[in-house]
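Asker: No letters, just coordinates:
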């Protein structure tokens, strides 16, 4: 999928019931550094709706990092490597 195709998917107008946050969640794995650069270029060209998508991406990244941090804390708190593997299996 090209970046132009991705832009069309993540920028408004959205389908009824969709929001910037829900679209970012759905396509999160496709947001690579180059695509973010494309979005920032669109912002610098005056496309203000693109900022809403980048803000939603930032919020989603923070949520996922928080979850990952909690998982790592649980694994490391297990102490023994065998217990750590058990905790990982339960995640």
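Answerer: Good, I have the coordinates. This is a predicted model, so every value here is computed, not measured.

Asker: C-alpha only now, for contacts and for neighbours.
Answerer: Will do.

Asker: Show me where this protein has its helices.
Answerer: Taking DSSP state H, the helices of the chain run over residues 3-10, 20-27, 33-44, 49-77, 81-90.

Asker: Just name the most buried of those.
Answerer: Mean neighbour count (mean count of other C-alpha atoms under 10 Å) peaks for helix 20-27 among the helices of the chain, with a mean of 17.

Asker: what's it in contact with?
Answerer: 9, 10, 11, 12, 52, 53, 56, 57, 60 (C-alpha atoms under 8 Å, 6 or more residues apart in numbering).

Asker: quick check: mean pLDDT across it?
Answerer: When pLDDT is averaged along helix 20-27, the result is 96.

Asker: Excluding chain neighbours, what is closest to residue 38?
Answerer: Distances taken as C-alpha to C-alpha, 6 or more residues apart in numbering place residue 3 nearest to residue 38, at 7.7 Å, with adjacent residues excluded.

Asker: Where does the prediction get shaky in the protein?
Answerer: Under the criterion pLDDT under 70, no range of the chain is flagged.

Asker: Centre of it to the edge, which residue is at the far end?
Answerer: In the chain, counting by C-alpha atoms, centre = their mean, residue 80 sits farthest out from the average C-alpha position, at 32.2 Å.
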